[in-house]
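Engineer: based on what follows, work out the 3D shape:
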Amino acid sequence: MHPFGETVLAWRLARGLTQAELARSAGVPRPNLSAIERGDREVTLRTLRALAFALEVGAGALVDGVMPDAAAPPLTRAQLERVARATARGIRLADPRESRLSRRLGVALSAQLDRSDHRARSGRRPGAREKDRAYFLLRTSEQPTTLASLFARVVERLERP
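Structural biologist: Below is the predicted model of the structure:
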């Protein structure tokens, strides 16, 4: 189970909302939302319902720490290989979940990818905040064993001549 604030943050990011957008939609002051996401503020039932409605998710999912991709089936070996290959080579995948994973892995591993001359297509290097966000989204959307396998597979491909 994930902490409430982390769950709200994951759902907000999954919905592509900024803090200001979610705060406005839920009728919660933005500084309060920030404190909720950090785990520094408790929420009332009214705020819980407003956040759930604005995020288009059940209040129970937020309370229980259910993450956006929690219902996704585990990746198959073929999917793991595809995602690792695409991440190491900087290519796009057609499957939305695989594409999302590859993008996030690429950002999280950008230092290793830069050293191996496998830069993102944009050629720009993500900042620390972007890397932290990518890693957070990976951590909240996939099982630890899946992530460990993906990281190992990408690094293995980068080390090959």
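Engineer: what's the offset of the longest helix along the chain from the middle of its chain?
Structural biologist: Taking DSSP state H as the criterion, the chain has its longest helix at helix 144-159. Between the centre of helix 144-159 and the centre of its chain there are 17 Å (C-alpha atoms, centre = their mean, to the nearest Å).
Engineer: list the buried residues in that helix.
Structural biologist: By neighbour count on 16 or more other C-beta atoms under 10 Å, the buried set for helix 144-159 is 146-147, 149-151, 153-154, 157-158. The way it works is simple: take the backbone N, C-alpha and C, and place the C-beta from them, glycine included.
Engineer: which one of the residues you listed is nearest residue 94?
Structural biologist: Closest approach to residue 94 among the buried residues of helix 144-159 (C-beta to C-beta): residue 150, at 18.1 Å.
Engineer: confidence score at that closest one?
Structural biologist: pLDDT, the model's per-residue confidence, is 93 for residue 150.
Engineer: ok, it to residue 74 distance?
Structural biologist: 12 Å (C-beta to C-beta, to the nearest Å).
Engineer: can you get me a residue count around the closest residue to residue 12 other than its chain neighbours?
Structural biologist: The spatial neighbour of residue 12 that comes closest, neighbours along the chain excluded (C-beta to C-beta, 6 or more residues apart in numbering), is residue 22 at 5.1 Å. Residue 22 has 23 neighbours, counted by other C-beta atoms under 10 Å.
Engineer: got it, and residue 55?
Structural biologist: 23.
Engineer: what helix or strand is the spatially closest residue to it that is not a sequence neighbour located in?
Structural biologist: Residue nearest to residue 55 in three dimensions, not counting chain neighbours: residue 11, with 4.6 Å by C-beta to C-beta, 6+ apart. According to DSSP states H and E, residue 11 maps onto helix 4-14.
Engineer: report all helices and strands that that helix contacts.
Structural biologist: Secondary structure elements in contact with helix 4-14, counted by 3 or more C-beta pairs under 8 Å, 6 or more residues apart in numbering; DSSP states H and E, are helix 30-38, helix 45-55, helix 59-64, helix 128-141.
Engineer: who touches the residue nearest the centre of the chain in this structure?
Structural biologist: Nearest to the mean C-alpha position of the chain, counting by C-alpha atoms, centre = their mean, stands residue 137 at 1.6 Å. By C-beta atoms under 8 Å, 6 or more residues apart in numbering, the contact list for residue 137 reads 10, 13-14, 104.
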